[in-house]
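Student: Build me a model:
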Amino acid sequence: MVNPHLQDALEELEGLGPRLGERASLDPSRACAPLPVELAARVLAGNTHEARGRAFLRGLRDVVLVLSEDFPDNIFWDLDYLASQLWRAGGPREIEDFTHRVVGLFRGFGNKSELRFRYAHDFLFGFDWARWVAREPRERADIGPFDPPFFDYLESRREELLGLIAENDAKYHPLEGEAFRNPFVFMREPHEEALLHQTLAREDFIPVKAWRLDGERRWELPFSDLRTEAARRLGLLREASP
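Tutor: I've put the predicted structure just below:
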């Protein structure tokens, strides 16, 4: 049961549901991802701290709103682990800081930025994080995908990519019109994106099970290579790829 003093803030989340479309999930056991208001109720169940709860609800509202605005083509809406980490960030100030950083990353990588990535899947499901940890596992294995050091890396990486775009890099170059950026060797149109990641979920090759409140994260497997291999098996490699 949610603190009754938070009902007004909880009701604000109800209006966000239609923004999420069909709310597809990579969890093979559920038909769709929960509505933001349902997710908030799960996270807040039994918690009575009003100020912290109110900060959490504001944060989840802002995160969902910006994600829907800057990644309107996002397919999978498993925000369970992100929401739980938002709650666990600490008190109201820490929750506001967490929100500010996640919102900034969505703004910085989404469709209103020069980078123009189409989906937030690589962030939410840990492909970016697993690749980063694998480079220096001794130092990074205990750092989670929604921890400040990884946020630091993503913000730094964004600046690097913007520098490459400014130099008209062969892989990261300025985009024309409303095209989305796809630096990968496999296709990422909506049908192909859904097929590939549903296949990976069935084969248990998703680094972060974002549909769980505990996330169950893993970095030890070569997830990027496994994704490329799955794309090859499914016939999703781009024409110029080997």
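Student: give me the low-pLDDT residue ranges for this protein?
Tutor: Within the chain, the segments meeting pLDDT under 70 span 240-242.
Student: Try it again at 50.
Tutor: In the predicted model, the chain carries pLDDT under 50 at residues 242.
Student: burial measure for the residue nearest to residue 108 when sequence neighbours are not counted, as a count.
Tutor: Distance criterion CB to CB, 6 or more residues apart in numbering; nearest residue to residue 108, sequence neighbours excluded, is residue 158 at 4.9 Å. For glycine as for every other residue, the C-beta is placed from the backbone atoms N, C-alpha and C. Using other CB atoms under 10 Å, residue 158 is surrounded by 17 other residues.
Student: now swap in residue 40 and tell me
Tutor: Neighbours of residue 40 using other CB under 10 Å come to 27.
Student: Which positions within stretch 62-74 qualify as buried?
Tutor: Buried residues in stretch 62-74, counted by 16 or more other CB atoms under 10 Å: 62, 63, 64, 65, 66, 67, 68, 70, 71, 74.
Student: Quickly find the element holding the fifth one.
Tutor: Yep, that's residue 66 we're talking about. Assigned by DSSP states H and E, residue 66 belongs to helix 50-70.
Student: from the middle of its chain, how far away would the helix or strand hosting residue 8 be?
Tutor: Secondary structure assignment for residue 8, by DSSP H and E: helix 7-14. Centroid displacement of helix 7-14 relative to its chain, using CA atoms, centre = their mean, to the nearest Å, is 23 Å.
Student: List the residues that contact the residue nearest the centre of the chain.
Tutor: Nearest residue to the geometric centre of the chain (CA atoms, centre = their mean): residue 124, 2.4 Å. Counting by CB atoms under 8 Å, 6 or more residues apart in numbering, residue 124 touches 76, 78, 79, 82, 208, 210.
Student: Now which of those would you call buried?
Tutor: By 16+ other CB under 10 Å, the contacts of residue 124 give 76, 78, 79, 82, 208, 210 as buried.
Student: Same list, these, but as a markdown table with secondary structure and distance to residue 41 please.
Tutor: Shown next, in a markdown table, are the buried ones among the contacts of residue 124 (DSSP: H, G, I helix; E, B strand; the rest coil; distance: CB to CB, whole Å):
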| residue | secondary structure | distance to residue 41 |
| --- | --- | --- |
| 76 | strand | 21 |
| 78 | coil | 17 |
| 79 | coil | 13 |
| 82 | helix | 16 |
| 208 | strand | 23 |
| 210 | coil | 18 |
